[in-house]
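Colleague: predicted model and sequence follow; I will ask about them next.
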Amino acid sequence: MTVTVGNPIFDKLGMKYPIVEGGMTWAGTGALAAAVSEAGGLGFIGTGYWHGDDVRREVRRAKELTDKPFGVNVMLMSRHIREVFDVILEEGVKVVATGAGDPSPFLEELHAAGVTVMPVVPSVSLARMMERKGVDAVIAEGMESGGHIGQMTTMAMVPQIVDAVSIPVIAAGGIGDGRGVAAALALGASGVQMGTRFLATPESEVHPNFKQKILKAKDIDTVITGNIAGSRARVLKNKMAKEYIKQEINEIQKPAPDYETVEKLESGTLRRAVQEGDKDGGAFMAGQISGLIHEEQPVAELLAEIWDQATKILNIENTTK
Ligand code: TUI
């Protein structure tokens, strides 16, 4: 079997491993992003509904901790994205990943500034459209992922997107160890994105309750909220998730809530999980792979172990040793 390891973008960024960090709002801090980049992956700061100032603070924290490139993930549903892109350009951020929308209106100015752009896509049609608009790579993210998700699984979607586009495809969703990385490369991806796995590391700044929830989670301990309201998000089960789902069913006939209500609810509940560890009222966004994660492990050790396992499975040389 031949697999493609990495791609010209990863080479340009000087990465040791073909592994990028998913953009996790509140959880994907400057410190965690710096740790991932410093260890040879590509770290991403998650920005969700943040204003420009918050993004600048985390970008500067990351810069203090590493000289290696790192990225910023922009959540396109947010109304604050103009400020976020301004900060990205002012601070000289090298890579932008996007979620929950179409980044093409910003592509020209990002490319003019030398920024690499990789949108998350939840389907073949969006991957094709993004390639046509000129993005540099796509992140094919399956619904095993935590947070906002589409309908397709990683296993079914990645090879279909690989066949449909010529730009690099990064597989995401349900990947947490070397077996997952090897599987993604076997499906034709040239790299992977992992989110949940990085939450259970000493460098992750999420509340200890969040880490404990991941470490204790079983395979079936995540649920999808927002199925009816339209903003589907996978979270670890708790009181808040159960109530949210119950409320959705009761509100099936009502019009969707306005933007301000959604921003307040989504941003607030996720922050309460990440920063306060609010077991009942927080939205603990995490993927289905939580059930595979049993111990906290430093980022550098984790990446080295994952890549060692993946290269052994694929029977390819581990040139990082
Ligand atoms: O975006 C994500 N995951 C996310 S975003 C998010 S936002 C949030 N922030 C703070 C608190 C609460 C919520 C949480 N998790 N993943 C990438 C992703 N993108 N998944 C699905 C999509 C997507 C969906 C539709 C990408 C493009 C798209 O295009 C639709 C269109 O035509 O615009």
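Modeller: On my side now, so go ahead.

Colleague: surely K68 and A33 touch.
Modeller: No - the criterion here is Cβ atoms under 8 Å, and K68 misses it with A33 at 10.0 Å. From N, CA and C alone the C-beta is placed, and that goes for glycine too.

Colleague: neighbour count winner among those two?
Modeller: Looking at K68 and A33 with other Cβ atoms under 10 Å, you find the greater number of neighbours at A33, namely 32 against 21.

Colleague: what parts of the stretch 151-300 of the chain come near the ligand?
Modeller: 233, 266-267, 270, 285 (Cβ under 6 Å from any ligand atom).

Colleague: format the residues you listed as CSV; extra columns: neighbour count and distance to S78.
Modeller: Below are these laid out as CSV (neighbours: other Cβ atoms under 10 Å; distance: Cβ to Cβ, whole Å):
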residue, neighbour count, distance to S78
A233, 22, 14
E266, 24, 10
S267, 18, 9
L270, 24, 13
M285, 30, 15
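
Colleague: in TSV, list these along with secondary structure and pLDDT.
Modeller: Formatted as TSV, these follow (DSSP: H, G, I helix; E, B strand; the rest coil; pLDDT from 0 to 100):
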residue	secondary structure	pLDDT
A233	strand	94
E266	helix	80
S267	helix	80
L270	helix	93
M285	strand	97
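
Colleague: could you pull out the helices for the stretch 1-150 of the chain?
Modeller: 8-12, 30-38, 52-65, 81-90, 107-112, 124-133 (DSSP state H, counting those that start in this stretch).

Colleague: among the ones you listed, which is nearest I139?
Modeller: The closest of these to I139 is helix 124-133. By Cβ to Cβ, the value is 9.6 Å.

Colleague: other SSEs contacting that closest one?
Modeller: strand 116-121, strand 138-141, helix 154-164 (3 or more Cβ pairs under 8 Å, 6 or more residues apart in numbering; DSSP states H and E).

Colleague: any idea what the residue in the stretch 101-250 of the chain that the ligand sits nearest to is bridged to?
Modeller: Closest approach between the stretch 101-250 of the chain and the ligand, counting by Cβ to the nearest ligand atom: G147, at 2.4 Å. G147 has the following beta-bridge partners by DSSP bridges: R234.

Colleague: for it, what are its contacts?
Modeller: 24-25, 99, 195, 233-234, 285 (Cβ atoms under 8 Å, 6 or more residues apart in numbering).

Colleague: ok, of those residues, which come out buried?
Modeller: The neighbour-count test (16 or more other Cβ atoms under 10 Å) marks 24-25, 99, 195, 233-234, 285 as buried among the contacts of G147.

Colleague: show me where the stretch 151-300 of the chain has strands.
Modeller: Counting by DSSP state E, counting those that start in this stretch, the stretch 151-300 of the chain has strands at residues 169-172, 191-194, 222-225, 233-236.

Colleague: between these, which gets nearest to G291?
Modeller: Closest among these, using Cβ to Cβ: strand 222-225, at 8.6 Å.

Colleague: now do the buried residues in the closest one.
Modeller: Neighbour-count burial for strand 222-225, counted by 16+ other Cβ under 10 Å, picks out 222-223, 225.

Colleague: output the residues you listed in TSV, with pLDDT appended to each entry.
Modeller: Shown next, in TSV, are those (pLDDT from 0 to 100):
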residue	pLDDT
T222	98
V223	96
T225	92
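
Colleague: check what pLDDT the residue nearest to V93 when sequence neighbours are not counted gets.
Modeller: Using Cβ to Cβ, 6 or more residues apart in numbering and skipping residues adjacent in sequence, the residue nearest V93 is V72, 5.1 Å away. Among the per-residue scores, V72 holds a pLDDT of 98.

Colleague: got it, and K321?
Modeller: For K321, pLDDT reads 85.

Colleague: could the strands of the stretch 151-300 of the chain go into a markdown table alongside distance to M143?
Modeller: Output for the strands of the stretch 151-300 of the chain, formatted as a markdown table (distance: least, Cβ to Cβ, whole Å):
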| stretch | distance to M143 |
| --- | --- |
| strand 169-172 | 11 |
| strand 191-194 | 14 |
| strand 222-225 | 8 |
| strand 233-236 | 7 |
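
Colleague: G48: which of those is closest?
Modeller: Among the strands of the stretch 151-300 of the chain, strand 233-236 sits nearest to G48 (Cβ to Cβ), with 11.4 Å.

Colleague: helices or strands up against the closest one?
Modeller: For strand 233-236, the packing partners by 3+ Cβ pairs under 8 Å, 6+ apart come out as strand 147-148, strand 222-225.

Colleague: please repeat the previous calculation with a cut-off of 6 Å.
Modeller: Packing partners of strand 233-236 (3 or more Cβ pairs under 6 Å, 6 or more residues apart in numbering; DSSP states H and E): strand 222-225.

Colleague: so for stretch 205-219, mean pLDDT?
Modeller: For stretch 205-219, the per-residue pLDDT averages 98.

Colleague: what do you get for stretch 55-66?
Modeller: 98.

Colleague: again with stretch 289-301
Modeller: Averaging pLDDT along stretch 289-301 yields 98.

Colleague: alright, that wraps it up for me.
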